[in-house]
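Chemist: need a structure here:
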Amino acid sequence: MTYLNPRACLAGCAVAASALLLTSCTSGNGEPGAGGSSQSSTPSNSATTNGPSEKKATQQAQAALAAVHSGTLVEAGAERVTDGIHSEPSLSKGKTYKINLVCVGTGSAQLSFKPASTGPKATVPCDQSVVQERITGDGPVRINVEADKGATGMIAWQVDAI
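Modeler: Residues are numbered from 1 along each chain as shown. This next block holds a predicted model:
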């Protein structure tokens, strides 16, 4: 029969309990009580509360872009539609590119270029559809996407050289 020292057993239990408490306090999304099984469903304007839905919307938009990716990736990103997209990718003069955009949320946004001869203006609906436009490099190019009033969600985009 094996005999265990009560002090060793007590110390082992204390270590195990400490590890369990540390794990449950630090797991989850960083909010108090994240280790518990129930979470508050009260809406909030904090970034941590909006994080999971923004993350899910970003993943959906990026998955839609991955399905249509062709050519060599030049630049890509994802932003809140309310923040918009304001990018200046390096595009070779006279070379053809394709810009793909997907917005997941509500409302729509407006795509434009400077100089305007780079490509056409387009509406990007926040309905998970892919908007594709061919553009031509013309020296320095600025890509702008501005949210229409009331638009919400995430917008992902990529520029491919074709």
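Chemist: got any ranges where this structure has weak pLDDT?
Modeler: 1-52 (pLDDT under 70).
Chemist: tell me which element the nearest residue to Pro125 once chain neighbours are set aside is part of?
Modeler: Closest residue in space to Pro125, ignoring its immediate chain neighbours: Ser108 at 4.6 Å, by C-beta to C-beta, 6 or more residues apart in numbering. The C-beta positions use only the backbone N, C-alpha and C, and glycine is treated the same way. Here Ser108 sits within strand 96-114, counting by DSSP states H and E.
Chemist: what is that strand packed up against?
Modeler: For strand 96-114, the elements it packs on are helix 47-68, strand 122-136, strand 142-147, strand 152-161, judged by 3 or more C-beta pairs under 8 Å, 6 or more residues apart in numbering; DSSP states H and E.
Chemist: give me the buried positions along it.
Modeler: 97-105, 107-109, 111, 113 (16 or more other C-beta atoms under 10 Å).
Chemist: please convert these to CSV, extending it with distance to Thr58.
Modeler: Listed next are the buried residues of strand 96-114 as CSV, based on distance: C-beta to C-beta, whole Å:
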residue, distance to Thr58
Tyr97, 23
Lys98, 21
Ile99, 18
Asn100, 15
Leu101, 13
Val102, 10
Cys103, 11
Val104, 8
Gly105, 11
Gly107, 17
Ser108, 18
Ala109, 15
Leu111, 18
Phe113, 24
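Chemist: which one of those residues is nearest Ala151?
Modeler: The closest of the buried residues of strand 96-114 to Ala151 turns out to be Gly107 (C-beta to C-beta; 2.9 Å).
Chemist: isn't the closest one right next to Ala147, touching?
Modeler: Yes: counting by C-beta atoms under 8 Å, Gly107 touches Ala147, with 6.8 Å between them.
Chemist: anything in contact with each of these two?
Modeler: Counting by C-beta atoms under 8 Å, 6 or more residues apart in numbering, the contacts common to Gly107 and Ala147 are Val81.
Chemist: excluding residues flanking it in the chain, which one is nearest Val139?
Modeler: You called it Val, but residue 139 is Gly. Gly139's closest residue in space is Lys93 (C-beta to C-beta, 6+ apart), at 5.4 Å.
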